[in-house]
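[1] Sequence and predicted structure, then a few things I'm wondering about:
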Amino acid sequence: QVQLVESGGGLVQAGDSLRLSCAASERTFGRLTMGWFRQAAGKEREFVAAISWRGGTTDYADSVKGRFTISRDNAKNTVFLQMNSLKPEDTAVYYCAAARAAYSGTYASSYDFWGPGTQVTVSS
């Protein structure tokens, strides 16, 4: 069982930046695909970004391309989501997810483990 804990959420203004972190309790972190998803109030959970186990492959939702960057530090069992130029429509609970695969892509159903989420609120 992989335990994930997100941090770094908060309340910011439009145009600001935030960096989310997700720490994993897994010795084989380097063999996990890591992803970020988000769920706004009243909406379904949606894909944000994903990174392969060695960081060689990344994917982004069209809505965040050019503004968000996913990265990972396998030595620290941590994945990051740098969010720049935040917009009110980025407001959501952000979830970290992990899959025991080299790369699991953009579908939530492909991920095996989930964190409890961290709230990001962007005011206009």
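    In hand now; what should we look at? Treat the numbers as computed from the prediction; the structure is a model and nothing was measured.

[2] Distance of Val122 relative to Asp73?
    For Val122, the distance to Asp73 (Cβ to Cβ, to the nearest Å) stands at 26 Å. The way it works is simple: take the backbone N, C-alpha and C, and place the C-beta from them, glycine included.

[3] So the two - more neighbours on which side?
    Taking other Cβ atoms under 10 Å, Val122 and Asp73 do not tie; Val122 has more neighbours (20 against 12).

[4] Do you know the pLDDT at that one?
    Listed pLDDT for Val122 reads 98.

[5] Quick check: it touching Asp16?
    Yes - if you go by Cβ atoms under 8 Å, Val122 and Asp16 touch, sitting 7.5 Å apart.

[6] Look up which residues are beta-bridged to Val93.
    Gln39, Gln119 (DSSP bridges).

[7] what residues are up against Ala97?
    Contacts here follow Cβ atoms under 8 Å, 6 or more residues apart in numbering; on that basis Ala97 touches 4, 34-37, 108, 111, 113-115.

[8] For Arg25, give me phi and psi.
    Check again: residue 25 is Ser, not Arg. phi -100, psi 70 (degrees, to the nearest 10).
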